[in-house]
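Novice: The following block contains a protein sequence and its predicted model.
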Amino acid sequence: MYGDGAINVGVTARSATLDAAGDDFRLENLTIQNDYALNPANPPSQAVALSVTGDRYVVTRVRLLGAQDTLFAGKGPNGKMSRQYFSNCYIEGHVDFIFGNAKAWFRQCELHGIANQAVIYTAQSKAAPDEDSGYVFDHCRLTADPAARYIALGRPWRPYATVVFLSTKIVSQVIAEGWREWTPGETNKLRTSYYAEYRSVGVGANPSGREPHSHQLTDGEAARWSLNVFFGVAKDWLRLESSGEKRKLRSR
């Protein structure tokens, strides 16, 4: 547990409770919290619980607790590749609480919006069409506190933001459009971003009412976002825990 906010340290990443910057890192069975927002005397600020910027990261059964900018899943200095795999994690926050430009896959995780006037699950920051980054959420669950308001799947921090939800159970009352502009009325990043869903279910699923620039994927299109395609052949670094886990992921 830690309590720095970006407002105190000057840079969002420096507020992290845990900063993991080296390669080949594994994190299991742990709770990481930034409790900056729990002090009512603190002014609003980004406050990171976990910052991950190295390559070949596996994070399993970890709870990440915060408010704004809880998880920084980003690349290292000078745009160094950062492949990240999160499995069976619980991640909570409100504004942009999973953000950055890593190449990150989330499997069977719960994303939970806490009480706030706005909840935005993702703020992916792919800056150029040829940048190798994006977030994929596979069989995840989206929930929110009853007092959470204006809940969105994401907004584009950079103009080519890429986020895909596969077979997601959306329990929260996500806005009909699903996705929102970075600064409505000022920015125009949705037209170049890639936001997509495949077989979303639950009260927050609304295929016909989504933002016109977003995508509802066919079976064939969704297959292009499978784990094998996303990470390619060089994924021995995952070192999956069991043969059953391996079989399950090979089928995706």
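Specialist: Good, I have the coordinates.

Novice: C-alpha only now, for contacts and for neighbours.
Specialist: OK.

Novice: all strands of the stretch 51-200 of the chain, in order?
Specialist: Using DSSP state E, counting those that start in this stretch, the strands of the stretch 51-200 of the chain run over 57-65, 71-73, 83-87, 90-93, 98-100, 103-107, 110-113, 119-124, 134-138, 141-144, 151-154, 162-166, 169-170, 194-198.

Novice: In TSV: those strands, plus distance to Ala47, mean neighbour count and mean pLDDT.
Specialist: Formatted as TSV, those follow (distance: least, Cα to Cα, whole Å; neighbours: other Cα atoms under 10 Å; pLDDT from 0 to 100):
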stretch	distance to Ala47	mean neighbour count	mean pLDDT
strand 57-65	10	21	98
strand 71-73	9	26	98
strand 83-87	20	23	98
strand 90-93	10	24	98
strand 98-100	12	26	98
strand 103-107	20	23	98
strand 110-113	15	24	98
strand 119-124	15	27	98
strand 134-138	21	24	98
strand 141-144	19	22	98
strand 151-154	18	25	98
strand 162-166	22	25	98
strand 169-170	26	20	98
strand 194-198	26	22	98
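
Novice: and of those, who's closest to Thr12?
Specialist: Ranking the strands of the stretch 51-200 of the chain by distance to Thr12, with Cα to Cα as the measure, places strand 71-73 first at 9.2 Å.

Novice: Can you get me the start-to-end distance on stretch 207-227?
Specialist: Start and end residues of stretch 207-227 are separated by 24 Å (Cα to Cα, to the nearest Å).

Novice: Which positions in that stretch come out as buried?
Specialist: Neighbour counts over stretch 207-227 (16 or more other Cα atoms under 10 Å) mark Pro207, Arg210, Glu211, Ser214, His215, Gln216, Leu217, Ala222, Ala223, Trp225, Ser226, Leu227 as buried.

Novice: got a list of what Trp105 touches?
Specialist: The contact partners of Trp105, by Cα atoms under 8 Å, 6 or more residues apart in numbering, come to Gln84, Tyr85, Phe86, Tyr135, Val136, Phe137, Asp138, Leu227.

Novice: now, among those residues, which is nearest to Pro43?
Specialist: Tyr135 (29.8 Å).

Novice: dump the residue contacts of that closest one.
Specialist: Counted by Cα under 8 Å, 6+ apart, Tyr135 has contacts Ala102, Lys103, Ala104, Trp105, Phe106, Gln124, Thr162, Val163, Val164.

Novice: Throw those into a markdown table and include distance to Asp55, thanks.
Specialist: Formatted as a markdown table, the contacts of Tyr135 follow (distance: Cα to Cα, whole Å):
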| residue | distance to Asp55 |
| --- | --- |
| Ala102 | 9 |
| Lys103 | 9 |
| Ala104 | 10 |
| Trp105 | 13 |
| Phe106 | 15 |
| Gln124 | 17 |
| Thr162 | 19 |
| Val163 | 19 |
| Val164 | 21 |
